[in-house]
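Novice: missing the sequence, but the structure's below:
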């Protein structure tokens, strides 16, 4: 925890102790909701293990994944009440079984009032997420769907180090903020092009070079 | 300038003088480009009068307006090199004749290194823009186009205090990140519904209640 909270050395021993006293460890199951827009002040999250997915949702339930958080990542949007400059809310789900350290938002809010280093740390994390969201936004708004799906498949296989992805078309659609039909159609096209092999709940990437070619076409 | 730069009181007199020495006033004409993605370090902008439009652009030239800056607003994305947490670039144009104070980015970068208040100020402005962009993103991705156009017309008339807008369909499309044809079609629909009256380069809103009804329908 100390390495991740870069303002740690700027806290006096009493503050350090208080920070520990206001931090709890919580386990989330795969798929469990961690934070939603109606629950503004869960607190600052530090992912100990597992993966969190941050997304927005439309009135009719469509989801758009903004970014993912992995081991060692810190989430500040789950404590949007702490930073008055954040005026929006997001949803956060655990993708797998995930262990999270949660720093109480009431305490953290008080800390920020008297420690500019802690505030600076929190703002920087928010700006990092801003950069992530801008990347996602450009992907969604500007890229044609074949490119987006190719980027998604490349990312997933690099992340897991495995060319066989245990994902349904429905799940891929959710991650990409798209419709299942659109994903299925494009995957079938990729299969015909011998880029992937499809079976129930599984997408196997068999030709990464072709996938990269799709991304490189302007 | 002093009121807008909230870290001003945290600068010693020498720093204050240096800040002035590194600030210039520049005039932009209506429609002139102020900053583009290839020109990463113009500097921190402070709008003295007029209006700046910040947008992203796709490879094929489609634009999406992220937010606008008015008198007194500060822009930090035009100095993205100053904050390493900002890893994306935007375009900025002057909407009307606009006077801008520009703080040199090389100087500002050095200031941030030794003054955490100035850094804090810059990060807060970036997070404010993050909130603006999230709002825009939800509008674009989740709202049906009739709602979005209704919101746009309501916003424009409130801003100018005038129900007659001097805007072409092409301009509206650009502001909304849409196509001219889509805008024209919806405006014609609004005209048939006696919500607006159209003439060359002019959109007159004649029934705001109906516009608001469109927005309120879930």
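Specialist: Good, I have the coordinates. On a predicted model such as this, the values are computed, not experimentally measured, just so you know.

Novice: residues contacting residue A:172?
Specialist: Contact partners of residue A:172, counting by CB atoms under 8 Å, 6 or more residues apart in numbering or on different chains, are A:149, A:152, A:178, A:183, A:187, A:203. In short, each C-beta sits where N, CA and C put it, glycine included.

Novice: who's in contact with the closest residue to the last one other than its chain neighbours?
Specialist: This means residue A:203. In space, and not counting its chain neighbours, residue A:203 is closest to residue A:165: 4.7 Å by CB to CB, 6 or more residues apart in numbering or on different chains. Contacts for residue A:165 (CB under 8 Å, 6+ apart) come out as A:153, A:156, A:157, A:202, A:203, A:204, A:205.

Novice: hmm, which two among the contacts of residue A:172 are most spread apart?
Specialist: A:178 and A:203 (14.6 Å; CB to CB).

Novice: of the two, which one has the most company?
Specialist: Using other CB atoms under 10 Å in any protein chain shown as the criterion, residue A:178 and residue A:203 rank with residue A:203 on top: 26 against 21.

Novice: wasn't the more buried one part of a strand?
Specialist: Yes: counting by DSSP: H, G, I helix; E, B strand; the rest coil, residue A:203 is found in a strand.

Novice: what bridges to it?
Specialist: residue A:165, residue A:198 (DSSP bridges).

Novice: quick revisit: save the contacts of residue A:172 as a markdown table, and put in distance to residue A:25 too.
Specialist: Below are the contacts of residue A:172 laid out as a markdown table (distance: CB to CB, whole Å):
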| residue | distance to residue A:25 |
| --- | --- |
| A:149 | 37 |
| A:152 | 32 |
| A:178 | 35 |
| A:183 | 36 |
| A:187 | 39 |
| A:203 | 34 |
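
Novice: bridging residues for the most centrally placed residue in chain A?
Specialist: Residue closest to the average C-alpha location in chain A (CA atoms, centre = their mean): residue A:68, at 1.7 Å. Under DSSP bridges, the beta-bridge partners of residue A:68 are residue A:53.

Novice: isn't it right next to residue A:55, touching?
Specialist: No: applying CB atoms under 8 Å as the test, residue A:68 and residue A:55 come out as separate, 9.7 Å apart.

Novice: please see if the lengthiest helix in chain A touches chain B.
Specialist: Looking across chain A with DSSP state H, the single longest helix is helix A:116-142. Yes: applying CB under 8 Å from any CB of the partner chain, one finds helix A:116-142 touching chain B at A:116-117, A:119-120, A:123-124, A:126-131, A:133-135, A:137-138, A:140-142.

Novice: done for today, thanks.
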